[in-house]
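1. here are the coordinates; sequence isn't available:
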């Protein structure tokens, strides 16, 4: 008997489930919180003695311990290595998340962002010492304006939702300037939650607009709701159903006819970059997400960057600072006087997410005008390939082709006792991050898939095969399999009810423990 | 194109599966007038070499703060970041992962957030912290809005110690969200009294410690005055290293702490992305904006972490959310957390002591420059220097001599004649004796 | 002692001059595990059909509307520590608040048990 045969013959299927002594399972290492690895006085940084001076803290010295744990460098590296391995990432596999545009994050962007000339400059250095930084901001502004066809851009918002806030504030400022105090904002029922949240934050009441049977804005519903007291209509185009709003120019005319502004949520810009001139759609303001269309890394939840393009009518209200050209070169306008008298003012500290501008510009320059157009085409192609390949096994929410994301509902699971959520958990055991679920709200048990252009056909084919297999399994009635999923992930289903009923939001030592983190 | 995996063969096959002739068929819903026919007037695709060359040339036009003696603060601080931090945040599992909405496959991110929240609560002396906001200025605005919700009042008093960017951001939010801001004038000497301005309509008083001008003050009495009137005390911290040496806001009776975490973990990056810190008391938890990570167990009884109390947030509450915020500054929070993990108790306190020592030494040297005086009595690692003439041109002249000698107060507080001669100077562990000597000498020369 | 129901799945039970209000068993099933309830303050004046309370589950937050007009006389303090009661005993111990009955005629416009069951069945 060969060694291999011996090993195979000794194998019992229950071995797979045998608990280990350490709790770790092969390369999946269990790792406790930092606070449970403390040794007082230990430090992962070597620092010299402080200079011997007479204190000028004025009696404000901190009393008592802070409670931070002390670890050495090897322990810290191991800690973060181990916990990183419990994370899925786009580097690991596909993220078919609708409207998130989880595309590949090029490493060139990281290299360039770390050049000392970009990374090691202070926002308040004399402007003469950071002309290259202002040049970069000016250059990315140029790319953004050219790609969208819009005349102006505000670079400072810190993320998409912040960009929405900025856009709505510009609209409000423009209306205030006109002496009009409009009270309502219209938002499609299919909109992302940030849209109504932003409108409400600006003091507007939110009126929902229905979708028609095809998943697009119901023009009759919009016509009925428009009036002289409407400040803006917020539209996502392509919509959160993955469909291009073909009546967009008529919508723009209706909105403008009522004296209102047309806000476009640019979260889905990946579907149209290089192929559609947004100004020709009639929009007045649109935010972009550099962390979606322009590949800046999600980092586990942020940071993002949400520049906002503006029509001429709204450009004077753009928040500070502005980058302007003059005889000496580039400068920053940082105060609401002179040329910037009409500006909203500041919505954030400093000058915007420079680290994301560098990465996004590196991405834009790498792709160029030809590459960016190809991005939109491949993104739309990939989504339609998924739709066409899955439409017989799953149930598409709307007929016809889609843009860059494919929307299904849960009719294919009817009668199985298996929910969209259960289906998603089974996907994680297969090594896939689930698609967006239960959004948009207008579709029951929605499954929204956006593969992006950086998935190869091979990757999509493997994904399609697994989704089909899971769908068949669901229809065959294997309820138990789905409800017990996932089994193979670093943690199985977690008790979110407990976490909400009895929130534990920080580590605390158990009673009687030597080391107190407090 | 190196980032696009589809080949022409693939595309043909896929179009056939979809059942359309060409890709244009999939764009049929775009109005003709909005279609872009050919290519936009932008350069075509370039390889890494060309992109590096072009962007490297832009970078080369900037003076990196580490390349010359530098003493800039004003809310953004250049500390030494240990090498391990940048390596760890570049792990693909951290760098390229999504928001942890699927907790079973996001325990890495979630454990980081749980540890981060704990660290922020500890250093600020508060009971809980959130998973971070965009930056200190927006965190300050969110703190004011939270105080408004809690007190059902609409008037915020903003101290003269508050960083002007933070003040301006709160003012902008106030104008559009609908609340009043009462601004105290700039307070370089740290002498303002705000207690008398609190009334029954006040939701909060916002102070900064160390203040914008560097000054340290104990706001405990102010906190008591606030609470007596049913208002909240909000304390802003723009330099987290200060918490290694200075009485924390929690010990002063702060109700909400907002601040900037940039100083630990991520470097300057020309002002963004930075890291909004936010901490408060347990009883206010339901009004906290942004993400919260909580501990729980899985079906096997193992400890794990999830995002929790999500019903406050925009994706559920929509127009009734506590904030419209969607992202946090996650990767920056990770960098902050790793840096603090390496420092630990001993490291943070020692680092803070070094910072204070350096600043005291620099203050002595600069006070010895003819006609200069230090305005700030008590400070941590930043103070205000009064020059014999306008500070802005002096800073330009110092820059010509390859010294980044502080931030002129007039850059952030324009239009105040009495502040024109003031210079904000920061010192920390990265400044050598030689640096400080060079600064003092150059300043002497420029002022001659 | 009759129980009446609203289209938004609130129930109201009137005994003497006091009305007790909660959400129905159907509603709690739809919501999932309740994690938090925001009850109105005693003394607050409520208008029929306007927001009175908020009930949160892990994934959703829903408004609870006043089924009739009146003033809040008591709020269920047990729900703070034990929101699960809304799931386990929606029609009894999971009550939200008690209020006065300003206009008894309003009760006539609400559904009775039979009508409510039919209504729920119709929702599919």
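-> Yes, it's here. These figures come from a predicted structure and were not determined experimentally. Residues are numbered from 1 along each chain as shown, chains lettered A, B, ... in the order given.

2. does any part of the helix or strand that contains residue B:296 sit near chain C?
-> Assessed by DSSP states H and E, residue B:296 sits inside strand B:293-297. No. Strand B:293-297 does not reach chain C (C-beta under 8 Å from any C-beta of the partner chain); its nearest approach is 10.8 Å. No exception for glycine: its C-beta is placed from N, CA and C like everyone else's.

3. next, the buried residues of that strand.
-> Within strand B:293-297, the residues that count as buried by 16 or more other C-beta atoms under 10 Å in any protein chain shown are B:293-296.

4. list the buried residues for the top helix by length along chain C?
-> Ranked by residue count and defined by DSSP state H, the top helix of chain C is helix C:113-123. Residues of helix C:113-123 classed as buried under the neighbour-count rule (16+ other C-beta under 10 Å) are C:116, C:120.

5. then stretch B:395-406?
-> For stretch B:395-406, burial by neighbour count (16+ other C-beta under 10 Å) applies to B:395-399, B:401, B:403-406.

6. can that stretch be found next to chain A?
-> Yes. Remark: stretch B:395-406 sits within contact range of chain A at B:395-396, B:399, B:404, by C-beta under 8 Å from any C-beta.

7. which pair in those residues spans the largest distance?
-> B:396 and B:404 (11.0 Å; C-beta to C-beta).

8. common neighbours of those two, please.
-> Common contacts of residue B:396 and residue B:404 (C-beta atoms under 8 Å, 6 or more residues apart in numbering or on different chains): residue A:126.

9. ranges for the strands of the chain?
-> Went with chain A since none was named. Counting by DSSP state E, chain A has strands at residues A:152-154, A:184-188, A:205-209, A:230-236, A:261-265, A:285-287, A:308-310, A:322-326, A:329-333, A:395-396, A:406-409, A:436-437, A:447-449.

10. meant chain C actually
-> Secondary structure of chain C, counting by DSSP E: strands at C:3-5, C:10-15, C:18-23, C:34-38, C:45-46, C:51-57, C:61-65, C:70-75, C:97-100.

11. other residues contacting the first one?
-> Contact partners of strand C:3-5, identified using C-beta under 8 Å, 6+ apart, comprise C:11-14, C:24, C:67, C:91, C:107, C:110-113, C:115-116, C:119.

12. contact partners for residue B:153?
-> Counting by C-beta under 8 Å, 6+ apart, residue B:153 touches B:201-203, B:230-231.

13. swap in 10 Å and give it another go.
-> B:147, B:179-180, B:199-204, B:229-232 (C-beta atoms under 10 Å, 6 or more residues apart in numbering or on different chains).

14. what's the answer for residue B:286, then?
-> Contact analysis of residue B:286 by C-beta under 10 Å, 6+ apart lists A:503, B:149-150, B:309, B:311-312, B:322, C:36, C:38, C:56.

15. what about 7 Å?
-> By C-beta atoms under 7 Å, 6 or more residues apart in numbering or on different chains, the contact list for residue B:286 reads residue B:312.

16. that one - that's part of a helix, no?
-> Yes. Per DSSP: H, G, I helix; E, B strand; the rest coil, residue B:286 lies within a helix segment.

17. now do it, the pLDDT please.
-> At residue B:286, the model reports a pLDDT of 90.

18. return a PyMOL selection command for the buried portion of the contacts of strand C:3-5.
-> PyMOL command restricting those to the buried ones, with burial defined by 16+ other C-beta under 10 Å:
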select buried, chain C and resi 11+12+13+14+24+67+107+110+111+116
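
19. of the contacts of strand C:3-5, which pair is most distant in space?
-> Farthest pair in these (C-beta to C-beta) is C:14 and C:119. Separation: 20.0 Å.

20. give me the average confidence score over stretch A:309-324.
-> Mean pLDDT, computed over stretch A:309-324, is 97.

21. just stretch B:403-411 next, same as before
-> Average pLDDT, stretch B:403-411: 98.

22. count the neighbours of the residue nearest to residue A:420 when sequence neighbours are not counted for me.
-> Distances taken as C-beta to C-beta, 6 or more residues apart in numbering or on different chains put residue A:445 closest to residue A:420, at 4.2 Å, once the chain neighbours are dropped. Per other C-beta atoms under 10 Å in any protein chain shown, the neighbour tally for residue A:445 reads 19.
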